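Asks: What would the 3D arrangement of this be:
(2 chains)
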Number of protein chains: 2
Amino acid sequence: MAYEEVITSVMSSDHASVVSMNLFVALLCACIIIGHLLEKNPWLNESITALLIGLCTGVFILLNTGGRSSHIFVFSEDLFFIYLLPPIIFNAGFRVKKKQFFRNFMTIILFGVVGTLISFAVISLGAIHLFQKLDLGSLKIGDYLAIGAIFSATDSVCTLQVLNQDETPLLYSLVFGEGVVNDATSVVLLKAIQNFDLSHIDFATASELLANFLYLFIASTVLGILVGLLSAYIIKNLYFGKLIRHCTNREVALMILMAYLSYMLAELFALSAILTMFFCGIVMSHYTWHNVTESSRVTTKHAFATLSFIAEIFIFLYVGMDALDIEKWRFVSQSPGKSVGISSVLLGLILVGRAAFVFPLSFLSNLLQKSPHVKIDMKQQVTIWWSGLMRGAVSIALAYNQFTRLGYSESRENAIMITSTISVVLFSTVVFGMITKPLVRLLLPSSKHIISIPSPPSTPKTLTEPLLGNGHHDSGPNNGDSVNGPSPNRLRILLNMTNRGVHHYWRKFDDSVMRPVFGGRGFVPYVPGSPLEPSLPQWRSITSPTAEENL
Amino acid sequence: MAYEEVITSVMSSDHASVVSMNLFVALLCACIIIGHLLEKNPWLNESITALLIGLCTGVFILLNTGGRSSHIFVFSEDLFFIYLLPPIIFNAGFRVKKKQFFRNFMTIILFGVVGTLISFAVISLGAIHLFQKLDLGSLKIGDYLAIGAIFSATDSVCTLQVLNQDETPLLYSLVFGEGVVNDATSVVLLKAIQNFDLSHIDFATASELLANFLYLFIASTVLGILVGLLSAYIIKNLYFGKLIRHCTNREVALMILMAYLSYMLAELFALSAILTMFFCGIVMSHYTWHNVTESSRVTTKHAFATLSFIAEIFIFLYVGMDALDIEKWRFVSQSPGKSVGISSVLLGLILVGRAAFVFPLSFLSNLLQKSPHVKIDMKQQVTIWWSGLMRGAVSIALAYNQFTRLGYSESRENAIMITSTISVVLFSTVVFGMITKPLVRLLLPSSKHIISIPSPPSTPKTLTEPLLGNGHHDSGPNNGDSVNGPSPNRLRILLNMTNRGVHHYWRKFDDSVMRPVFGGRGFVPYVPGSPLEPSLPQWRSITSPTAEENL
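Replies: Alright, predicted model coming up:
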């Protein structure tokens, strides 16, 4: 079992693994420091840096061990899905801009679910047709469908590092939201594919597969929301009218444990833990986070972000080091042309598969939207298309899951699929990723000036961010970037839109039913030691002396 | 290998272990909530609550499984030493009151090292003489020495929960400091004992053992200090004059990773990771912590405390659940009288062994101290004596290490030693622990009034703590309890003492050599985004608007 291997190699106390751990932790520190020093570089970012450092270390180890091994640990999907992905996903939910997310909810679901399904169909069908010409041997129909799911999992980290949540809120929320929903969709899709006997696909199987997919999707979401609400309810009622010394520790501990509990419960009910954690994160940031003390807010906000940050770097470093594994490339060296061919075909299918849904669905979304402010113009469509071309650790983890299930790349086809996945991930992350920063600046140059100039505090924002970013503004722990406050311009847009549809009724329901029970901004009763957060003034920095007066 | 068992039972994805994990996480949440509700109870505290909840769950599982099993996981010393102890020890170092700690450094070392050695000698000799009358069979000389080391590891958590760092600073720092040094000493001692062939003890072996002990002690300390200084140096120089968006994540990540690195390096060099982490924590809170942004300070302070808090509750819950393991008690049921006898003998030896060094060493310490303010009076001596009578998870972990090394309690003697250790831990934690709160109130009633009254802000302290506790006072991230500021009374004491001895020269050296290089309070250059902390005024709340003016 690949899992025990990792555990033993990671944690058994023999000398070699202690050396490995030291090296790996030191490399993580190096990635952070070098990533920080390269902050201003127009091409690189933290992910690419970590990937390149991982590759260099791989080469170094390869040379030092005389070509025997290139990596410290064996890549394990369990390590990835149990330890690395959950903090990233939870943090994503925790700091999503809820207003934007829910306003664009339908579009995000359209892109994230329907779009992923389209991309899945295009890549699967394309692979079935094109791979046969490459004479790849004994891949089954289930394998082709799995390839579709594996290469539909996008990695939008690079794009999100470039986009600015304040300058292009619509675009950011679309790319971000789609990224998370897309991850969950591909994982659930692969799970559904593996659960079914796909030797003969008919309408019944297909609809059963769809029903299974929908059940997983909805049940996971509901579970996440329930656990999040439970945490809000407990913390709200526990601290009412009490003076506690160590309450920050207790609150933070409860939030961490409940988040983990949502993950474990999803595992227990065989649901999608990713979706559950994501929605648990959203609910916690909307209710629970407002019920705790000021220091707990700062702590949870940054602690979750830091864990997610470490996990991200860990993954890219890991993928970089794992890429050079000699074992895997042995099969490929016998037919290098074929491998290059497969990787190129896959890259082509990714480009086409994504175009096949971004442009039509954007058109559809524009038709449904009445307000011109939420229409997606062509430049934005190209940005969305580009932002989902990178493939990352989720693809690799899923590929391992599909193609090494019965052992370590036991057949030639499986070995080639693994190396092709690694090639696609490396190529797309490094090449596509490097183009992202200049491309976004080329496509969206105006946004920087149009929105930045009318809101005066945006220049000193970066200066005050570490201070003001403490979470004392209204929209929750999301990155401290609504610090600008509602500029007159955006306020108008906001007022234009608040009367629309679902979001309006949700707000009403939230204010009258949910918040009185579960707390949340402006609905937490006066608790000494937990500074009251008034809903007006809309945002208030932590440095405001009124925080003291409230006591 | 017991280790792999745990890993498999903790993390393999089969259904039973997922159920166990869910139950365990839910129990942890329950412990926090119930511990919170029982805050005002004069007898109970969080540790005892967790222990009792663990016992109840054990009984419940025992009844439900028809007496087959009482616990969810197998107790593993690796889980304990790799995951649970490090955060507790690091946090202890991170929030130790450095001024008090270093002022009383000699006394703490006297109690923690010399005292533990005396206690070790008394318990070992006592066990050799008294156990023979109980006819325990084939325990070797190494086993008796190990028993001495195992039962010299105190657990002062209960006492520290009752003592107040502001009211009785001397007592607190002595009990706290001794507790940490004592843990490290017993672990190092057992390590040294197990490394040597003890079939014939002569002067050469004994002095070699001592040399080994001293080497481990000093090398571990130096390593911890070096890693701590490295982290301070990196963070100080990296952020100079730069404007960074995500620097909080980077800083917090670097601090966590460097702390972990110190642990791994100690493992690499076969040193005592506990001591290394403790001193790394001290150095980080003295230098590194002052070099990071405000939000990083709040985050690290509370995140480390929360991790330590969760680990502590985890341990007590675990010990409680593990106590009822049927397997272990099978041998005991054949001779219940003998087991009770051994436990009683051990409890007696603990009482005597601790008295044997607390009173003489206090007398010695009083002789050496000139200032009347740092003399330890008889009531304080009794408190110190009592505070070290509880035995906790370290004892259990060490007992497992010694007596199940070759397998699962393979011999009758070993099984009896394990159950006796559990009995001693349960009895001392619950019975001695419950008496602690009333006893401390009886012995030190005056302290509450003498020091509390002259310092006016101490009453609203609890109110403002969550705000002021954000770490903007001078003494580092230690619990937010120097918020009172230097009252005239204490200031005089302080001035009386600053001219004394080592501490004075250390301060001079620190100010002129260390801080300019490694940062620290008042020595961090002006970095936008990292609010400058002036050394005067001595403490400044985070709500002070000057934080904004500094920008």
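
Asks: Name the residues of stretch A:145-155 that are buried.
Replies: Within stretch A:145-155, the residues that count as buried by 16 or more other Cβ atoms under 10 Å in any protein chain shown are A:Leu145, A:Ala146, A:Ile147, A:Gly148, A:Ala149, A:Ile150, A:Phe151, A:Ser152, A:Ala153, A:Thr154, A:Asp155. All C-beta atoms are positioned from the backbone trio N, CA, C, and that covers glycine.

Asks: distance of the residue nearest the centre of chain A from chain B?
Replies: Closest to where the C-alpha atoms of chain A average out (Cα atoms, centre = their mean) is A:Val180, at 4.7 Å. Distance, A:Val180 to chain B, using Cβ to the nearest Cβ, to the nearest Å: 19 Å.

Asks: Same question for A:Ile416.
Replies: Distance of A:Ile416 to chain B, given as Cβ to the nearest Cβ: 28 Å.

Asks: Same question for A:Leu117.
Replies: For A:Leu117, the distance to chain B - Cβ to the nearest Cβ - is 27 Å.

Asks: Quickly find the element holding that residue.
Replies: Per DSSP states H and E: A:Leu117 is located in helix A:116-133.

Asks: repeat for A:Glu39
Replies: Using DSSP H and E, A:Glu39 maps to neither a helix nor a strand.

Asks: Assumed the residue nearest to the centre of chain A was part of a helix.
Replies: Yes - secondary structure of A:Val180 (DSSP: H, G, I helix; E, B strand; the rest coil): part of a helix.

Asks: My guess is it contacts A:Gly112. True?
Replies: Yes - applying Cβ atoms under 8 Å as the test, A:Val180 and A:Gly112 come out as touching, 7.4 Å apart.

Asks: Can you name the residues in contact with stretch A:337-347?
Replies: Residues lying outside stretch A:337-347 but in contact with it, judged by Cβ atoms under 8 Å, 6 or more residues apart in numbering or on different chains, are A:123, A:126-127, A:130-131, A:134-136, A:147, A:151, A:332, A:416-417, A:419-420, A:423-424, A:427-428.

Asks: distance between the helix holding A:Leu117 and the chain's centre?
Replies: 25 Å (Cα atoms, centre = their mean, to the nearest Å).

Asks: Please identify the buried residues of that helix?
Replies: Buried residues in helix A:116-133, defined by neighbour count with 16+ other Cβ under 10 Å: A:116-124, A:126-128, A:130-131.

Asks: hmm, back to that, can you name the residues that contact the residue nearest to the centre of chain A?
Replies: So, once contact is read as Cβ under 8 Å, 6+ apart, A:Val180 ends up touching A:Ile89, A:Ala92, A:Gly93, A:Val96, A:Gly112, A:Phe278.

Asks: how about a cut-off of 6 Å?
Replies: Applying Cβ atoms under 6 Å, 6 or more residues apart in numbering or on different chains, we find A:Val180 in contact with A:Ala92, A:Phe278.

Asks: ditto for the one 5 residues further on
Replies: For A:Thr185, the contacting residues are A:Val113, A:Thr116, taking Cβ under 6 Å, 6+ apart as the criterion.

Asks: So for it, what's the pLDDT?
Replies: pLDDT recorded at A:Thr185 is 85.

Asks: Okay, angle between whichever strand or helix holds it and helix A:116-133 too, please.
Replies: Using DSSP H and E, A:Thr185 falls within helix A:169-195. Interaxial angle, helix A:169-195 versus helix A:116-133 (axes from the mean of the first three to the mean of the last three Cα atoms, to 10 degrees): 60 degrees.

Asks: Now do helix A:169-195: distance to the chain's middle.
Replies: Computed by Cα atoms, centre = their mean, the chain-centroid distance of helix A:169-195 equals 9 Å.

Asks: In the very next helix or strand once past it, which residues are buried?
Replies: Where DSSP H and E defines the elements, the next helix or strand beyond helix A:169-195 is helix A:203-238. Buried positions in helix A:203-238, judged by neighbour count with 16+ other Cβ under 10 Å: A:209, A:212-213, A:216-217, A:219-221, A:223-236, A:238.

Asks: Around the closest residue to A:Val374 other than its chain neighbours, how many other residues sit close by?
Replies: Leaving aside its sequence neighbours, A:Val374 sits nearest to A:Leu170 (Cβ to Cβ, 6 or more residues apart in numbering or on different chains; 6.0 Å). By the criterion of other Cβ atoms under 10 Å in any protein chain shown, A:Leu170 has 16 neighbours.

Asks: and A:Ser138, which of the three is it?
Replies: Following three-state DSSP, A:Ser138 is assigned to coil.

Asks: can you list contacts of the helix or strand hosting A:Leu51?
Replies: Taking DSSP H and E as the criterion, A:Leu51 maps to helix A:46-64. Residues from elsewhere that reach helix A:46-64 (Cβ under 6 Å, 6+ apart): A:31, A:34-35, A:38, A:70, A:157-158, A:313, A:316-317, A:320-321, A:324, A:429-430, A:433.

Asks: what's the answer for stretch A:217-232, then?
Replies: With Cβ under 6 Å, 6+ apart, stretch A:217-232 has contacts from A:258, A:262, A:266, A:271-272, A:275-276, A:279-280, A:283-284, A:287-288, A:518-519.

Asks: Any idea which of those residues the model trusts least?
Replies: A:Gly519 (78).

Asks: what about that residue, distance to chain B?
Replies: Using Cβ to the nearest Cβ, A:Gly519 is found at 16 Å from chain B.

Asks: Give me the number of neighbouring residues for that residue.
Replies: Residues near A:Gly519, counting by other Cβ under 10 Å, number 23.

Asks: Touching, it and A:His286? I think so.
Replies: No - applying Cβ atoms under 6 Å as the test, A:Gly519 and A:His286 come out as separate, 9.6 Å apart.

Asks: re the thing from before, let me know the closest of the buried residues of helix A:116-133 to B:Phe105.
Replies: The nearest member of the buried residues of helix A:116-133 to B:Phe105, counting by Cβ to Cβ, is A:Thr116 at 61.5 Å.

Asks: Contact partners for the closest one?
Replies: A:Ser152, A:Asn182, A:Thr185.

Asks: make it 8 Å
Replies: A:Thr116 makes contact with A:Ser152, A:Val181, A:Asn182, A:Thr185, A:Ser186, A:Leu189 under the criterion Cβ under 8 Å, 6+ apart.

Asks: And A:Ala253, by the same measure?
Replies: B:Ile32, B:Thr306, B:Phe309, B:Ile310, B:Ile313.

Asks: Now the helix holding A:Leu117: average pLDDT?
Replies: The average pLDDT within helix A:116-133 is 89.

Asks: Pull the residues that contact the helix or strand just after that helix.
Replies: Note on helix A:116-133: by DSSP H and E, the next helix or strand toward the C-terminus is helix A:141-150. Helix A:141-150 is contacted by residues A:119-125, A:127-128, A:131, A:186, A:189-190, A:193-194, A:198-199, A:201, A:346, A:395, A:398-399, A:402-403, A:413, A:417, A:421 when judged by Cβ under 8 Å, 6+ apart.
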